[in-house]
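Colleague: structure for this input, please:
(chains A and B)
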Amino acid sequence: MTTTAPRGTGAVTQGGGDGAPAPRRATISARSLRTDRWWLLPLTTVVVLLSFVVYSTFRAFQNAHYFSEPYISPFYSPCITTGCEGDTFPEFFTGPSFISPAIYILVIPLGLRATCYYYRKAYYRSFWLSPPACAVGEPHRRYTGESRPPLLLQNLHRYALYGALVFNVILTYDAVLGFRDETGEWGHMGLGTLVLLANAALLWLYSLSCHSCRHIVGGRLNHFSRHPVRYRLWTQASRLNASHARFAWLSLFSVAIADAYVFLLATGTISDPRFF
Amino acid sequence: MTYDATFRVWRGDASGGDLQTYTVEVNEGEVVLDVVHRLQATQAGDLAVRWNCKAGKCGSCSAEINGRPRLMCMTRMSTFGEAETVTVTPLRTFPVIRDLVTDVSFNYEQAARIPAFAPQARDADGNHRMQQVDVERSQEFRKCIECWLCQDTCHVIRDHEGNKAAFSGPRFLIRLAELDMHPLDVTDRRDAAQDEFGLGYCNITKCCSEVCPEGIHLTDNGIIPLKERVVDRRFDPLTFLGSTIGRRPKD
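Modeller: The predicted structure is shown next:
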(Lines give C-alpha, C1' and ligand atoms only; values in the text may rest on other atoms or scores of the structure.)
Protein backbone atom coordinates (compact mmCIF):
# COMPACT_ATOMS: atom_id res chain seq x y z
CA MET A 1 0.00 0.00 0.00
CA THR A 2 1.25 3.47 -0.84
CA THR A 3 1.50 5.81 2.06
CA THR A 4 1.60 9.57 1.78
CA ALA A 5 3.26 12.07 4.02
CA PRO A 6 0.99 13.92 6.45
CA ARG A 7 -0.37 17.21 5.13
CA GLY A 8 1.92 20.13 5.74
CA THR A 9 5.16 18.21 5.89
CA GLY A 10 5.98 18.21 2.20
CA ALA A 11 6.49 21.76 1.04
CA VAL A 12 8.53 23.45 3.66
CA THR A 13 10.59 25.59 1.35
CA GLN A 14 12.36 28.49 2.91
CA GLY A 15 13.09 31.26 0.47
CA GLY A 16 14.63 34.64 1.09
CA GLY A 17 12.16 36.48 -1.12
CA ASP A 18 15.08 37.82 -3.12
CA GLY A 19 14.13 36.34 -6.48
CA ALA A 20 16.84 33.71 -6.31
CA PRO A 21 15.91 30.07 -6.98
CA ALA A 22 14.53 28.60 -3.81
CA PRO A 23 15.95 25.42 -2.40
CA ARG A 24 14.32 22.24 -3.66
CA ARG A 25 12.99 23.79 -6.84
CA ALA A 26 14.09 22.29 -10.14
CA THR A 27 17.46 23.76 -11.10
CA ILE A 28 16.74 25.55 -14.36
CA SER A 29 19.00 28.51 -14.89
CA ALA A 30 17.27 30.01 -17.96
CA ARG A 31 15.07 32.98 -17.07
CA SER A 32 12.49 31.58 -19.45
CA LEU A 33 12.29 28.65 -21.84
CA ARG A 34 9.64 30.32 -23.96
CA THR A 35 10.38 30.08 -27.65
CA ASP A 36 7.88 32.66 -28.91
CA ARG A 37 8.53 36.39 -29.24
CA TRP A 38 7.15 37.22 -25.79
CA TRP A 39 9.00 40.55 -25.74
CA LEU A 40 7.07 41.94 -28.69
CA LEU A 41 3.91 42.92 -26.82
CA PRO A 42 5.59 44.73 -23.89
CA LEU A 43 7.91 46.48 -26.33
CA THR A 44 4.98 47.68 -28.44
CA THR A 45 3.22 48.89 -25.30
CA VAL A 46 6.27 50.87 -24.23
CA VAL A 47 6.66 52.49 -27.65
CA VAL A 48 2.99 53.45 -27.99
CA LEU A 49 2.48 54.63 -24.40
CA LEU A 50 5.74 56.59 -24.37
CA SER A 51 4.83 58.24 -27.67
CA PHE A 52 1.50 59.30 -26.20
CA VAL A 53 3.10 60.59 -23.01
CA VAL A 54 5.66 62.64 -24.94
CA TYR A 55 3.04 64.06 -27.30
CA SER A 56 0.48 64.84 -24.60
CA THR A 57 3.09 66.42 -22.32
CA PHE A 58 4.28 68.66 -25.13
CA ARG A 59 0.73 69.67 -25.99
CA ALA A 60 -0.35 70.21 -22.38
CA PHE A 61 2.56 72.56 -21.73
CA GLN A 62 2.40 74.27 -25.12
CA ASN A 63 -0.55 76.45 -24.03
CA ALA A 64 -1.39 77.39 -27.62
CA HIS A 65 -3.20 76.10 -30.71
CA TYR A 66 -5.85 74.20 -28.74
CA PHE A 67 -8.91 76.04 -29.95
CA SER A 68 -10.24 76.56 -33.42
CA GLU A 69 -13.81 77.80 -33.55
CA PRO A 70 -15.99 75.82 -32.82
CA TYR A 71 -13.67 73.02 -31.71
CA ILE A 72 -11.61 72.69 -28.53
CA SER A 73 -8.92 70.08 -27.94
CA PRO A 74 -9.87 67.42 -25.36
CA PHE A 75 -6.55 68.07 -23.57
CA TYR A 76 -7.80 71.57 -22.70
CA SER A 77 -11.43 70.86 -21.93
CA PRO A 78 -12.93 71.95 -19.58
CA CYS A 79 -10.90 75.14 -19.93
CA ILE A 80 -11.42 76.86 -16.58
CA THR A 81 -9.13 79.91 -16.49
CA THR A 82 -9.57 83.40 -17.86
CA GLY A 83 -6.54 82.81 -20.06
CA CYS A 84 -8.42 80.25 -22.15
CA GLU A 85 -8.87 80.56 -25.87
CA GLY A 86 -12.49 80.40 -26.97
CA ASP A 87 -15.53 80.36 -24.74
CA THR A 88 -16.64 76.79 -24.18
CA PHE A 89 -16.75 76.62 -20.39
CA PRO A 90 -17.17 79.04 -17.44
CA GLU A 91 -13.85 80.65 -16.52
CA PHE A 92 -13.38 80.24 -12.78
CA PHE A 93 -10.11 82.00 -12.02
CA THR A 94 -7.04 83.68 -13.44
CA GLY A 95 -3.97 81.57 -13.05
CA PRO A 96 -0.34 82.52 -13.65
CA SER A 97 0.18 82.96 -17.36
CA PHE A 98 3.01 80.43 -17.49
CA ILE A 99 0.72 77.63 -16.30
CA SER A 100 -1.22 76.04 -19.13
CA PRO A 101 -4.96 75.57 -18.48
CA ALA A 102 -4.47 71.89 -19.34
CA ILE A 103 -2.39 71.38 -16.20
CA TYR A 104 -5.30 72.12 -13.85
CA ILE A 105 -7.49 69.39 -15.30
CA LEU A 106 -4.83 66.82 -16.10
CA VAL A 107 -5.29 64.96 -12.83
CA ILE A 108 -8.66 63.46 -13.82
CA PRO A 109 -7.84 61.76 -17.15
CA LEU A 110 -4.33 60.95 -15.99
CA GLY A 111 -5.67 59.56 -12.71
CA LEU A 112 -8.24 57.42 -14.49
CA ARG A 113 -5.75 55.87 -16.86
CA ALA A 114 -2.96 55.51 -14.31
CA THR A 115 -5.17 53.59 -11.90
CA CYS A 116 -7.16 51.71 -14.57
CA TYR A 117 -7.07 47.95 -14.06
CA TYR A 118 -6.17 47.43 -17.71
CA TYR A 119 -3.41 50.04 -17.89
CA ARG A 120 -1.98 48.71 -14.64
CA LYS A 121 -1.51 45.36 -16.33
CA ALA A 122 -0.01 47.06 -19.38
CA TYR A 123 2.54 49.19 -17.57
CA TYR A 124 3.42 46.74 -14.81
CA ARG A 125 4.30 44.29 -17.55
CA SER A 126 5.98 46.56 -20.07
CA PHE A 127 7.63 49.30 -17.98
CA TRP A 128 8.17 47.62 -14.64
CA LEU A 129 8.73 44.12 -16.11
CA SER A 130 6.80 42.64 -13.26
CA PRO A 131 6.50 40.25 -15.05
CA PRO A 132 7.50 41.15 -18.63
CA ALA A 133 5.44 38.21 -19.89
CA CYS A 134 3.85 35.14 -18.37
CA ALA A 135 6.40 32.65 -17.01
CA VAL A 136 9.29 34.99 -17.79
CA GLY A 137 11.30 35.84 -14.68
CA GLU A 138 11.10 39.39 -13.42
CA PRO A 139 14.35 41.21 -12.64
CA HIS A 140 13.40 42.55 -9.20
CA ARG A 141 14.81 41.14 -6.01
CA ARG A 142 11.80 42.10 -3.96
CA TYR A 143 8.10 42.44 -4.71
CA THR A 144 5.22 43.69 -2.60
CA GLY A 145 2.79 44.62 -5.37
CA GLU A 146 -0.07 46.87 -4.42
CA SER A 147 -0.01 45.92 -0.76
CA ARG A 148 1.78 49.09 0.42
CA PRO A 149 1.88 52.82 -0.35
CA PRO A 150 2.23 54.36 -2.85
CA LEU A 151 0.63 51.63 -4.98
CA LEU A 152 -2.06 51.20 -2.36
CA LEU A 153 -3.47 54.40 -3.89
CA GLN A 154 -4.51 52.39 -6.95
CA ASN A 155 -7.54 51.51 -4.84
CA LEU A 156 -8.91 55.02 -5.40
CA HIS A 157 -9.63 54.21 -9.05
CA ARG A 158 -13.36 54.70 -8.59
CA TYR A 159 -12.89 58.37 -7.63
CA ALA A 160 -10.98 58.97 -10.85
CA LEU A 161 -13.90 57.29 -12.61
CA TYR A 162 -16.42 59.66 -11.02
CA GLY A 163 -14.35 62.63 -12.23
CA ALA A 164 -13.94 61.12 -15.68
CA LEU A 165 -17.70 60.66 -16.05
CA VAL A 166 -18.14 64.40 -15.42
CA PHE A 167 -15.43 65.10 -17.99
CA ASN A 168 -17.21 62.83 -20.48
CA VAL A 169 -20.32 65.00 -20.15
CA ILE A 170 -18.22 68.09 -20.81
CA LEU A 171 -16.46 66.56 -23.81
CA THR A 172 -19.82 65.43 -25.21
CA TYR A 173 -21.02 69.02 -24.78
CA ASP A 174 -17.91 70.16 -26.69
CA ALA A 175 -18.79 67.78 -29.51
CA VAL A 176 -22.34 69.18 -29.59
CA LEU A 177 -20.86 72.70 -29.80
CA GLY A 178 -19.20 71.42 -32.96
CA PHE A 179 -22.59 71.59 -34.67
CA ARG A 180 -22.03 75.33 -35.02
CA ASP A 181 -20.01 77.10 -37.64
CA GLU A 182 -17.14 79.59 -37.12
CA THR A 183 -19.60 82.39 -36.43
CA GLY A 184 -21.53 80.49 -33.78
CA GLU A 185 -24.52 79.65 -35.96
CA TRP A 186 -26.13 76.30 -35.13
CA GLY A 187 -27.09 73.62 -37.65
CA HIS A 188 -23.71 73.02 -39.22
CA MET A 189 -21.29 70.15 -39.18
CA GLY A 190 -17.72 69.52 -40.22
CA LEU A 191 -15.17 66.73 -40.05
CA GLY A 192 -14.08 68.11 -36.67
CA THR A 193 -17.58 67.50 -35.31
CA LEU A 194 -17.25 63.85 -36.26
CA VAL A 195 -13.79 63.64 -34.71
CA LEU A 196 -15.02 65.10 -31.40
CA LEU A 197 -18.15 62.93 -31.43
CA ALA A 198 -16.12 59.76 -32.02
CA ASN A 199 -13.75 60.78 -29.25
CA ALA A 200 -16.62 61.39 -26.81
CA ALA A 201 -18.25 58.06 -27.73
CA LEU A 202 -15.01 56.13 -27.19
CA LEU A 203 -14.41 57.88 -23.87
CA TRP A 204 -17.89 56.87 -22.72
CA LEU A 205 -17.27 53.27 -23.79
CA TYR A 206 -13.93 53.26 -21.98
CA SER A 207 -15.43 54.67 -18.76
CA LEU A 208 -18.55 52.53 -18.76
CA SER A 209 -16.59 49.34 -19.40
CA CYS A 210 -14.41 50.08 -16.36
CA HIS A 211 -14.11 47.37 -13.71
CA SER A 212 -14.99 49.84 -10.96
CA CYS A 213 -18.08 50.93 -12.89
CA ARG A 214 -19.10 47.29 -13.21
CA HIS A 215 -18.74 46.88 -9.47
CA ILE A 216 -20.61 50.06 -8.62
CA VAL A 217 -23.62 49.45 -10.87
CA GLY A 218 -24.25 45.99 -9.50
CA GLY A 219 -21.14 43.89 -8.96
CA ARG A 220 -21.11 44.48 -5.24
CA LEU A 221 -24.51 42.83 -4.81
CA ASN A 222 -24.86 39.17 -3.89
CA HIS A 223 -28.57 38.95 -4.72
CA PHE A 224 -29.13 40.08 -8.29
CA SER A 225 -32.64 38.63 -8.16
CA ARG A 226 -33.67 41.35 -5.70
CA HIS A 227 -32.30 44.13 -7.93
CA PRO A 228 -33.41 43.44 -11.52
CA VAL A 229 -32.50 46.91 -12.83
CA ARG A 230 -29.02 46.82 -11.36
CA TYR A 231 -28.60 43.28 -12.65
CA ARG A 232 -29.37 44.51 -16.17
CA LEU A 233 -26.90 47.36 -15.76
CA TRP A 234 -24.28 44.94 -14.44
CA THR A 235 -24.90 42.61 -17.38
CA GLN A 236 -24.39 45.47 -19.83
CA ALA A 237 -21.29 46.70 -17.99
CA SER A 238 -19.94 43.14 -18.01
CA ARG A 239 -20.48 42.90 -21.76
CA LEU A 240 -18.59 46.15 -22.29
CA ASN A 241 -15.98 45.12 -19.75
CA ALA A 242 -14.87 42.25 -21.98
CA SER A 243 -13.58 44.89 -24.42
CA HIS A 244 -12.16 47.25 -21.81
CA ALA A 245 -8.59 46.93 -23.11
CA ARG A 246 -9.71 47.70 -26.65
CA PHE A 247 -11.63 50.78 -25.52
CA ALA A 248 -8.63 51.86 -23.43
CA TRP A 249 -6.41 51.94 -26.51
CA LEU A 250 -9.00 53.30 -28.92
CA SER A 251 -9.95 56.16 -26.62
CA LEU A 252 -6.26 56.96 -26.05
CA PHE A 253 -5.76 57.22 -29.80
CA SER A 254 -8.97 59.19 -30.30
CA VAL A 255 -7.95 61.80 -27.70
CA ALA A 256 -4.59 62.25 -29.43
CA ILE A 257 -6.19 62.38 -32.87
CA ALA A 258 -8.83 64.90 -31.76
CA ASP A 259 -6.13 67.09 -30.25
CA ALA A 260 -3.91 66.80 -33.32
CA TYR A 261 -6.85 67.70 -35.55
CA VAL A 262 -7.60 70.85 -33.56
CA PHE A 263 -3.87 71.68 -33.53
CA LEU A 264 -3.70 71.44 -37.32
CA LEU A 265 -6.80 73.61 -37.65
CA ALA A 266 -5.56 76.19 -35.15
CA THR A 267 -2.19 76.51 -36.82
CA GLY A 268 -3.86 76.88 -40.22
CA THR A 269 -2.15 73.77 -41.58
CA ILE A 270 -5.45 72.32 -42.76
CA SER A 271 -8.96 73.66 -43.06
CA ASP A 272 -12.02 71.88 -41.70
CA PRO A 273 -14.09 70.16 -44.41
CA ARG A 274 -17.67 71.34 -43.78
CA PHE A 275 -20.51 68.94 -44.58
CA PHE A 276 -23.29 71.52 -44.23
CA MET B 1 1.77 10.57 -40.13
CA THR B 2 4.65 9.54 -37.93
CA TYR B 3 7.87 11.44 -37.35
CA ASP B 4 10.73 11.58 -34.87
CA ALA B 5 10.62 14.57 -32.57
CA THR B 6 13.36 15.96 -30.38
CA PHE B 7 12.30 16.26 -26.76
CA ARG B 8 14.24 17.91 -23.94
CA VAL B 9 12.99 16.75 -20.57
CA TRP B 10 14.19 17.95 -17.19
CA ARG B 11 15.49 14.97 -15.23
CA GLY B 12 16.60 15.22 -11.65
CA ASP B 13 15.44 15.83 -8.11
CA ALA B 14 15.85 18.35 -5.30
CA SER B 15 19.60 17.83 -5.25
CA GLY B 16 19.98 18.86 -8.90
CA GLY B 17 19.26 17.88 -12.46
CA ASP B 18 19.36 19.01 -16.06
CA LEU B 19 17.62 18.88 -19.42
CA GLN B 20 18.18 15.61 -21.23
CA THR B 21 17.58 15.22 -24.94
CA TYR B 22 15.63 12.34 -26.49
CA THR B 23 14.49 11.47 -29.98
CA VAL B 24 11.06 9.95 -29.80
CA GLU B 25 8.38 8.86 -32.22
CA VAL B 26 5.25 11.00 -32.59
CA ASN B 27 2.03 9.85 -34.29
CA GLU B 28 -0.76 11.91 -35.73
CA GLY B 29 -3.29 13.18 -33.19
CA GLU B 30 -1.04 12.74 -30.17
CA VAL B 31 -0.57 15.10 -27.27
CA VAL B 32 2.59 15.82 -25.30
CA LEU B 33 1.57 13.38 -22.57
CA ASP B 34 1.38 10.54 -25.14
CA VAL B 35 4.94 11.26 -26.18
CA VAL B 36 6.13 11.44 -22.59
CA HIS B 37 4.49 8.07 -21.98
CA ARG B 38 6.26 6.65 -25.04
CA LEU B 39 9.54 7.99 -23.68
CA GLN B 40 8.81 6.27 -20.40
CA ALA B 41 7.96 3.00 -22.15
CA THR B 42 10.89 2.90 -24.55
CA GLN B 43 13.83 4.95 -23.33
CA ALA B 44 13.44 6.30 -19.82
CA GLY B 45 11.66 3.73 -17.72
CA ASP B 46 12.31 5.64 -14.52
CA LEU B 47 10.95 8.99 -15.78
CA ALA B 48 8.61 10.34 -13.10
CA VAL B 49 5.44 11.98 -14.38
CA ARG B 50 2.12 12.59 -12.64
CA TRP B 51 -1.01 12.04 -14.72
CA ASN B 52 -4.47 10.63 -14.39
CA CYS B 53 -7.45 11.33 -16.66
CA LYS B 54 -5.77 12.38 -19.92
CA ALA B 55 -8.84 14.48 -20.62
CA GLY B 56 -8.00 17.86 -19.10
CA LYS B 57 -10.26 17.33 -16.11
CA CYS B 58 -8.10 16.01 -13.29
CA GLY B 59 -5.39 18.68 -13.33
CA SER B 60 -2.57 16.21 -12.65
CA CYS B 61 -0.25 16.49 -15.65
CA SER B 62 0.66 20.17 -15.24
CA ALA B 63 4.11 21.01 -16.54
CA GLU B 64 5.89 23.70 -18.51
CA ILE B 65 6.09 23.05 -22.22
CA ASN B 66 8.46 25.31 -24.11
CA GLY B 67 8.43 27.54 -21.07
CA ARG B 68 4.64 27.88 -20.85
CA PRO B 69 2.62 26.37 -18.02
CA ARG B 70 0.27 23.84 -19.66
CA LEU B 71 -1.50 20.54 -19.16
CA MET B 72 0.51 17.90 -21.03
CA CYS B 73 -2.66 16.07 -21.98
CA MET B 74 -4.20 19.15 -23.57
CA THR B 75 -1.18 20.23 -25.61
CA ARG B 76 -1.38 18.79 -29.09
CA MET B 77 1.83 17.85 -30.85
CA SER B 78 0.35 19.37 -34.00
CA THR B 79 0.90 22.81 -32.47
CA PHE B 80 4.67 22.29 -32.88
CA GLY B 81 6.65 22.04 -36.07
CA GLU B 82 8.20 18.63 -36.79
CA ALA B 83 11.68 20.13 -36.56
CA GLU B 84 10.90 22.00 -33.37
CA THR B 85 12.46 20.86 -30.12
CA VAL B 86 9.86 20.43 -27.39
CA THR B 87 11.12 21.24 -23.90
CA VAL B 88 9.22 19.82 -20.93
CA THR B 89 10.09 20.93 -17.42
CA PRO B 90 8.39 20.61 -14.02
CA LEU B 91 6.41 23.50 -12.51
CA ARG B 92 9.00 26.03 -11.38
CA THR B 93 7.11 27.50 -8.48
CA PHE B 94 7.01 24.34 -6.39
CA PRO B 95 9.69 22.08 -4.93
CA VAL B 96 10.61 19.25 -7.27
CA ILE B 97 10.26 15.68 -6.09
CA ARG B 98 11.64 13.98 -9.18
CA ASP B 99 11.70 14.72 -12.90
CA LEU B 100 8.33 16.24 -13.84
CA VAL B 101 6.70 15.66 -10.47
CA THR B 102 6.54 18.55 -8.02
CA ASP B 103 5.37 18.86 -4.45
CA VAL B 104 2.26 21.03 -4.66
CA SER B 105 1.22 20.74 -1.02
CA PHE B 106 1.65 24.54 -0.59
CA ASN B 107 -1.69 24.77 -2.38
CA TYR B 108 -3.45 22.36 -0.06
CA GLU B 109 -2.12 24.26 2.91
CA GLN B 110 -3.62 27.45 1.50
CA ALA B 111 -6.93 25.70 0.77
CA ALA B 112 -7.15 24.60 4.39
CA ARG B 113 -6.81 28.22 5.56
CA ILE B 114 -9.84 29.55 3.65
CA PRO B 115 -12.77 30.31 5.97
CA ALA B 116 -15.32 27.66 5.05
CA PHE B 117 -18.72 28.25 3.47
CA ALA B 118 -21.09 29.45 6.17
CA PRO B 119 -24.71 29.48 4.99
CA GLN B 120 -27.40 31.66 6.49
CA ALA B 121 -30.19 30.05 8.54
CA ARG B 122 -32.52 27.74 6.66
CA ASP B 123 -35.98 28.86 5.57
CA ALA B 124 -38.95 27.95 7.76
CA ASP B 125 -39.52 24.75 5.78
CA GLY B 126 -35.97 23.62 6.41
CA ASN B 127 -34.64 24.41 2.93
CA HIS B 128 -31.97 26.69 1.57
CA ARG B 129 -33.15 28.65 -1.44
CA MET B 130 -31.18 30.65 -3.95
CA GLN B 131 -31.84 31.95 -7.42
CA GLN B 132 -29.73 30.73 -10.32
CA VAL B 133 -29.04 34.33 -11.32
CA ASP B 134 -27.54 34.95 -7.88
CA VAL B 135 -25.23 31.97 -7.80
CA GLU B 136 -24.00 31.74 -11.37
CA ARG B 137 -21.12 34.14 -10.88
CA SER B 138 -19.72 31.83 -8.19
CA GLN B 139 -20.28 28.82 -10.42
CA GLU B 140 -17.69 29.99 -12.94
CA PHE B 141 -15.03 29.43 -10.31
CA ARG B 142 -16.36 25.95 -9.53
CA LYS B 143 -14.97 24.88 -12.91
CA CYS B 144 -11.50 24.99 -11.35
CA ILE B 145 -9.75 21.61 -11.66
CA GLU B 146 -6.92 22.66 -9.34
CA CYS B 147 -4.14 21.99 -11.81
CA TRP B 148 -2.14 24.82 -10.15
CA LEU B 149 -1.06 26.32 -13.45
CA CYS B 150 -2.25 29.73 -12.25
CA GLN B 151 -0.30 29.29 -9.04
CA ASP B 152 2.74 28.27 -11.04
CA THR B 153 2.66 31.17 -13.46
CA CYS B 154 1.91 33.88 -10.89
CA HIS B 155 5.10 35.91 -10.64
CA VAL B 156 4.34 36.92 -7.05
CA ILE B 157 5.34 33.48 -5.79
CA ARG B 158 7.12 32.15 -8.88
CA ASP B 159 9.83 34.79 -8.72
CA HIS B 160 9.74 35.45 -4.97
CA GLU B 161 9.65 32.32 -2.86
CA GLY B 162 9.43 34.42 0.30
CA ASN B 163 6.05 35.80 -0.75
CA LYS B 164 4.47 32.39 -0.22
CA ALA B 165 4.16 33.33 3.43
CA ALA B 166 2.01 36.36 2.59
CA PHE B 167 0.26 35.52 -0.69
CA SER B 168 -1.90 32.48 -1.25
CA GLY B 169 -2.07 32.71 -5.05
CA PRO B 170 -4.77 33.36 -7.65
CA ARG B 171 -6.59 30.06 -7.19
CA PHE B 172 -7.38 30.94 -3.58
CA LEU B 173 -8.25 34.53 -4.30
CA ILE B 174 -10.98 33.30 -6.65
CA ARG B 175 -12.05 30.80 -3.99
CA LEU B 176 -12.47 33.76 -1.62
CA ALA B 177 -14.33 35.67 -4.35
CA GLU B 178 -16.56 32.67 -4.98
CA LEU B 179 -17.55 32.46 -1.33
CA ASP B 180 -17.87 36.22 -0.90
CA MET B 181 -20.26 36.44 -3.88
CA HIS B 182 -22.28 33.43 -2.80
CA PRO B 183 -25.91 34.40 -2.07
CA LEU B 184 -26.20 32.14 0.98
CA ASP B 185 -22.85 32.74 2.60
CA VAL B 186 -22.78 35.13 5.56
CA THR B 187 -19.06 35.35 6.39
CA ASP B 188 -17.31 38.60 5.50
CA ARG B 189 -13.96 37.59 4.00
CA ARG B 190 -12.84 40.99 2.76
CA ASP B 191 -10.47 41.84 5.58
CA ALA B 192 -9.01 38.35 5.48
CA ALA B 193 -8.53 38.58 1.71
CA GLN B 194 -6.40 41.68 2.16
CA ASP B 195 -4.59 40.86 5.38
CA GLU B 196 -4.20 37.10 5.41
CA PHE B 197 -4.31 36.01 1.79
CA GLY B 198 -2.32 38.87 0.26
CA LEU B 199 -4.84 40.28 -2.23
CA GLY B 200 -2.78 43.49 -2.40
CA TYR B 201 0.18 41.57 -3.78
CA CYS B 202 -1.71 40.84 -6.99
CA ASN B 203 -0.88 43.42 -9.64
CA ILE B 204 -3.50 42.03 -12.03
CA THR B 205 -1.10 41.20 -14.83
CA LYS B 206 -3.51 38.42 -15.81
CA CYS B 207 -1.12 35.55 -16.38
CA CYS B 208 -3.40 33.35 -14.27
CA SER B 209 -6.25 33.97 -16.72
CA GLU B 210 -3.96 33.27 -19.68
CA VAL B 211 -2.91 29.82 -18.52
CA CYS B 212 -6.21 28.55 -17.08
CA PRO B 213 -7.15 25.39 -19.04
CA GLU B 214 -10.78 25.82 -17.97
CA GLY B 215 -10.94 29.35 -19.37
CA ILE B 216 -11.91 30.88 -16.03
CA HIS B 217 -11.61 34.67 -16.08
CA LEU B 218 -9.75 34.72 -12.79
CA THR B 219 -8.75 38.36 -12.93
CA ASP B 220 -11.75 40.09 -14.50
CA ASN B 221 -14.45 38.08 -12.77
CA GLY B 222 -12.76 37.05 -9.53
CA ILE B 223 -9.76 39.00 -8.34
CA ILE B 224 -10.73 42.49 -9.53
CA PRO B 225 -14.30 42.22 -8.14
CA LEU B 226 -12.76 41.03 -4.88
CA LYS B 227 -10.37 44.00 -4.90
CA GLU B 228 -13.35 46.30 -5.44
CA ARG B 229 -15.17 44.70 -2.52
CA VAL B 230 -12.12 45.27 -0.35
CA VAL B 231 -12.04 48.91 -1.52
CA ASP B 232 -15.67 49.23 -0.32
CA ARG B 233 -14.62 48.10 3.10
CA ARG B 234 -11.12 49.47 3.50
CA PHE B 235 -10.26 52.33 1.16
CA ASP B 236 -13.38 54.16 0.03
CA PRO B 237 -14.24 56.84 2.64
CA LEU B 238 -17.81 57.24 1.33
CA THR B 239 -18.79 53.57 1.47
CA PHE B 240 -17.03 53.25 4.81
CA LEU B 241 -19.02 56.17 6.18
CA GLY B 242 -22.26 54.82 4.69
CA SER B 243 -21.70 51.42 6.25
CA THR B 244 -20.73 52.93 9.59
CA ILE B 245 -23.86 55.05 9.97
CA GLY B 246 -26.01 52.26 8.60
CA ARG B 247 -27.17 54.07 5.47
CA ARG B 248 -25.54 51.63 3.08
CA PRO B 249 -27.44 48.35 2.83
CA LYS B 250 -25.32 45.23 2.86
CA ASP B 251 -27.09 44.02 -0.24
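Colleague: just read off the phi/psi values of the closest residue to chain B within the stretch 51-200 of chain A.
Modeller: Scanning the stretch 51-200 of chain A for proximity to chain B using CB to the nearest CB identifies A:Ser147 as nearest, at 3.2 Å. Quick note: C-beta positions are derived from backbone N, CA and C, even for glycine. With angles defined as degrees, to the nearest 10, A:Ser147 sits at phi -90, psi -10.
Colleague: what about it, how many neighbours?
Modeller: 20 (other CB atoms under 10 Å in any protein chain shown).
Colleague: and the gap between the residue lying closest to it once chain neighbours are set aside and B:Ala166?
Modeller: Leaving out its chain neighbours, the residue that sits closest to A:Ser147 by CB to CB, 6 or more residues apart in numbering or on different chains is B:Gly200, at 3.2 Å. B:Gly200 sits at a distance of 9 Å from B:Ala166 (criterion: CB to CB, to the nearest Å).
Colleague: these two: which is more packed in?
Modeller: More neighbours surround B:Gly200 than the other of B:Gly200 and B:Ala166, with 23 against 19 (other CB under 10 Å).
Colleague: so who does the more buried one touch?
Modeller: Counting by CB atoms under 8 Å, 6 or more residues apart in numbering or on different chains, B:Gly200 touches A:144-148, A:152, B:194.
Colleague: over to A:Ser130?
Modeller: Contacts of A:Ser130 (CB under 8 Å, 6+ apart): A:124, A:138, A:140, A:143, B:155, B:203, B:205.
Colleague: so is residue 36 in a helix, a strand, or just coil?
Modeller: All of this is about chain A. Secondary structure, DSSP: H, G, I helix; E, B strand; the rest coil: A:Asp36 is coil.
Colleague: quick one, what contacts it?
Modeller: Contacts were defined as CB under 8 Å, 6+ apart; by that measure A:Asp36 touches B:Asn66.
Colleague: element containing the closest residue to B:His217 other than its chain neighbours, please.
Modeller: Closest residue in space to B:His217, ignoring its immediate chain neighbours: B:Ser209 at 5.7 Å, by CB to CB, 6+ apart. Element membership for B:Ser209, per DSSP states H and E: helix B:207-211.
Colleague: so which elements touch that helix?
Modeller: With contacts defined as 3 or more CB pairs under 8 Å, 6 or more residues apart in numbering or on different chains; DSSP states H and E, the packing partners of helix B:207-211 are strand B:68-71, helix B:149-153.
Colleague: mind putting the ones you listed into CSV with mean neighbour count, distance to A:Cys84 and mean pLDDT?
Modeller: Formatted as CSV, those follow (neighbours: other CB atoms under 10 Å in any protein chain shown; distance: least, CB to CB, whole Å; pLDDT from 0 to 100):
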stretch, mean neighbour count, distance to A:Cys84, mean pLDDT
strand B:68-71, 24, 53, 98
helix B:149-153, 27, 50, 98
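Colleague: which residues touch stretch A:78-91?
Modeller: A:66-67, A:69, A:72, A:76-77, A:92-95, A:97, A:101, A:104-105, A:167, A:170, A:173-174, A:177.
Colleague: quick one: end-to-end distance for it.
Modeller: Across stretch A:78-91, the terminal residues are separated by 9 Å (CA to CA, to the nearest Å).
Colleague: work out the gap between that stretch and the centre of the chain.
Modeller: Computed by CA atoms, centre = their mean, to the nearest Å, the separation of stretch A:78-91 from the middle of its chain amounts to 25 Å.
Colleague: give the buried residues for that stretch.
Modeller: A:78-81, A:83-86, A:88-89 (16 or more other CB atoms under 10 Å in any protein chain shown).
Colleague: show me the strands in the stretch 1-150 of chain A, by range?
Modeller: A:67-68, A:71-72 (DSSP state E, counting those that start in this stretch).
Colleague: give me whichever of those strands is most buried.
Modeller: Neighbour counts (mean count of other CB atoms under 10 Å in any protein chain shown) averaged over each of the strands of the stretch 1-150 of chain A peak at strand A:71-72, with a mean of 29.
Colleague: A:Leu33 touches B:Pro69, doesn't it?
Modeller: No - contact criterion CB atoms under 8 Å: A:Leu33 and B:Pro69 do not qualify, at 11.0 Å.
Colleague: redo the contacts of B:Gly200 as CSV? Include distance to B:Leu238 and pLDDT.
Modeller: CSV is the format used below for the contacts of B:Gly200 (distance: CB to CB, whole Å; pLDDT from 0 to 100):
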residue, distance to B:Leu238, pLDDT
A:Thr144, 27, 94
A:Gly145, 25, 94
A:Glu146, 21, 94
A:Ser147, 23, 93
A:Arg148, 23, 92
A:Leu152, 18, 92
B:Gln194, 19, 96
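Colleague: report the buried members of these.
Modeller: Here, 16+ other CB under 10 Å leaves A:144-147, B:194 buried among these.
Colleague: spatially, which two of those are the most separated?
Modeller: Among the buried ones among the contacts of B:Gly200, the pair separated by the greatest distance (CB to CB) is A:Thr144 and B:Gln194, at 13.2 Å.
Colleague: domain ranges for chain B?
Modeller: Domain ranges of chain B: B:3-101, B:105-244, per automatic domain parsing.
Colleague: how about these in a markdown table, adding distance to A:Trp39?
Modeller: Formatted as a markdown table, the domains of chain B follow (distance: least, CB to CB, whole Å):
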| stretch | distance to A:Trp39 |
| --- | --- |
| domain B:3-101 | 13 |
| domain B:105-244 | 15 |
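Colleague: and those: which comes nearest A:Phe58?
Modeller: The nearest among these, by CB to CB, is domain B:105-244 at 29.8 Å.
Colleague: is it true that the residue nearest to B:His217 touches B:Asn221?
Modeller: No - using CB under 8 Å, B:Ser209 makes no contact with B:Asn221, being 9.0 Å away.
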